[in-house]
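Visitor: Below: sequence and its predicted model.
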Amino acid sequence: MSVAEPRRIVLFRHAKADWPQVSDHERPLAERGRMDAAVAGRKLADTGIPFDLALCSTATRTRETWKLAVHELPHRPKTVYEERIYDASPGELIALLNETPEDAQQVVLIGHNPGIQGLADVLAGKAEADARERLSRRGFPAAAFVVLSFDGSWKSLEPNAATLTDYWAPSE
């Protein structure tokens with residue numbers, strides 16, 4: 001794949017989690033979260049993006065979200081469960097994305113707030129249509145995702161390098 005082709009990153013927040021007496025890392029999805037994760041998966045499929053790679057936090061709620069969402073996709077990408085996504089800052093997430101293999105053109109990152117929303121804000125130097133306004137108005141609720149595109153290599157990904165092309169949240 002040529003680095004001349006725009007790359008796409010989907011930042012996908014885990015669906016609504018439950019609050020049982022377990023560590024934060026082990027919190028499972030709530031019933032509504034399970035439903036929203038499947039709907040989000042159908043909406044991801046509707047984007048038509050053929051994901052090459054999924055980077056998923058090791059937290060229970062992100063793994064469960066991805067398991068339900070990926071089932072809705074026409075093609076199951078390679079999935080890497082990455083501990084560094086849990087509780088990561090936008091800068092730490094950029095550093096992780098900078099390590100992405102160059103043959104991966106379309107990547108979905110399944111993670112947590114505030115890191116995911118912060119990363120969307122940091123990366124999106126430009127926005128198409130009303131995507132930024134909708135993101136600003138709605139925030140980044142559980143099971144929401146944004147689509148960003150950028151030119152260049154993964155190593156060159158930095159703040160303001162991407163264009164926010166789409167935004168979806170369960171109540172959209």
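Guide: All right, it came through fine.
Visitor: Packing partners of the one helix or strand in the chain whose mean pLDDT sits lowest?
Guide: Lowest mean confidence among the helices and strands of the chain (mean pLDDT, DSSP states H and E): helix 131-138, at a mean of 92. Packing partners of helix 131-138 (3 or more Cβ pairs under 8 Å, 6 or more residues apart in numbering; DSSP states H and E): strand 162-168. Any C-beta I mention is one placed from the backbone N, CA and C, and that applies to glycine too.
Visitor: Quick check: most distant residue from the centroid of this structure.
Guide: Going by Cα atoms, centre = their mean, the residue of the chain most distant from its centre is Gln21, 27.0 Å out.
Visitor: how much space between that residue and Arg7?
Guide: 42 Å (Cβ to Cβ, to the nearest Å).
Visitor: element containing the residue farthest from the centre of the chain, please.
Guide: For Gln21, there is no enclosing helix or strand under DSSP states H and E.
Visitor: what are the phi and psi values for it?
Guide: When quoted as degrees, to the nearest 10, the phi and psi of Gln21 stand at phi -80, psi 70.
Visitor: Now do the contacts for the residue lying closest to Ala144 once chain neighbours are set aside.
Guide: Nearest residue to Ala144, sequence neighbours excluded (Cβ to Cβ, 6 or more residues apart in numbering): Ala169, at 3.9 Å. Ala169 is in contact with Arg138, Phe140, Pro141, Ala143, Ala144, counting by Cβ atoms under 8 Å, 6 or more residues apart in numbering.
Visitor: Look at Pro90 and say how many residues are nearby.
Guide: Per other Cβ atoms under 10 Å, the neighbour tally for Pro90 reads 18.
Visitor: Let me see the contact set for it.
Guide: Listed by Cβ under 8 Å, 6+ apart, the contact partners of Pro90 are Gly115, Gly118, Leu119, Asp121, Val122, Leu123.
Visitor: Return the member of the residues you listed nearest to Ile85.
Guide: Nearest to Ile85 among those is Gly115, at 7.6 Å by Cβ to Cβ.
Visitor: quick one: the helix or strand following the least confident helix or strand of the chain to chain centroid distance?
Guide: Under the assignment DSSP H and E, the closest C-terminal helix or strand after helix 131-138 is strand 145-150. The chain centroid and the centroid of strand 145-150 are separated by 8 Å under Cα atoms, centre = their mean, to the nearest Å.
Visitor: And stretch 18-34, by the same measure?
Guide: Chain-centre distance of stretch 18-34: 19 Å, with Cα atoms, centre = their mean.
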